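K.L.:
return atomic coordinates for the entry below.
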Amino acid sequence: EGKGKKRSPLHDFKKTGELMLIKVNKTLEVKTKLLNTTEQCAKRCSRNKGLSFPCKAFAYDRVTKRCHWLSFNSLTNGVRKKQDHAFDLYEKKDYVRNCIIGKGADYKGTISVTKSGIQCQAWNSMIPHEH
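P.N.:
Now for the predicted structure:
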């Protein structure tokens, strides 16, 4: 089962329709290129191919078929959301997910407290618990 079917690169992204992210912080990076499909944009973002930064999201302009790879996402400081009918925003799930899967080695989210509100131990700390 599942033979012959390729996994879509879009599976790793959370889609928000008709939304674009605007950088207020000018140090945040963006790269754009004409590409025919969102799958092509997602594949390049996942591999960071041709990008000088880790790709956290991309916005696809359906009108001009232009991909905008982003070094930031909707949770990044210095970014604002803008309603735009031409764009669909795709954010890497690893960066916007609010839960840990497995041992959490790949977790890149922003949650730093337990369910009961206790501050999490830093990964590089052996206090109060050893790893």
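K.L.:
any idea how many residues pack against the spatially closest residue to L35 that is not a sequence neighbour?
P.N.:
Residue nearest to L35 in three dimensions, not counting chain neighbours: C67, with 4.6 Å by C-beta to C-beta, 6 or more residues apart in numbering. Bear in mind the C-beta positions are built from the backbone N, C-alpha and C, glycine included. With neighbours defined by other C-beta atoms under 10 Å, the count for C67 comes to 23.
K.L.:
and C67, backbone torsions?
P.N.:
The phi/psi pair for C67 (degrees, to the nearest 10) reads phi -100, psi 130.
K.L.:
that one against T37, yeah?
P.N.:
No. Here C67 does not reach T37: they are 9.1 Å apart, not a contact under C-beta atoms under 8 Å.
K.L.:
please report how far C120 lies from T76.
P.N.:
20 Å (C-beta to C-beta, to the nearest Å).
K.L.:
just give me the residue right at the centre of this protein.
P.N.:
K92 (2.7 Å; C-alpha atoms, centre = their mean).
K.L.:
helix or strand, whichever it is, which one in this structure has the lowest mean pLDDT?
P.N.:
For the chain, counting by mean pLDDT, DSSP states H and E, helix 93-96 ranks last in confidence among helices and strands (a mean of 85).
K.L.:
tell me the gap between the longest helix along the chain and the middle of its chain.
P.N.:
Identified as the longest helix of the chain according to DSSP state H is helix 38-47. Centroid separation for helix 38-47 versus its chain: 11 Å, with C-alpha atoms, centre = their mean, to the nearest Å.
K.L.:
likewise stretch 32-47?
P.N.:
Centroid separation for stretch 32-47 versus its chain: 13 Å, with C-alpha atoms, centre = their mean.
K.L.:
cool, and stretch 31-46?
P.N.:
Per C-alpha atoms, centre = their mean, the centroid offset for stretch 31-46 relative to its chain is 13 Å.
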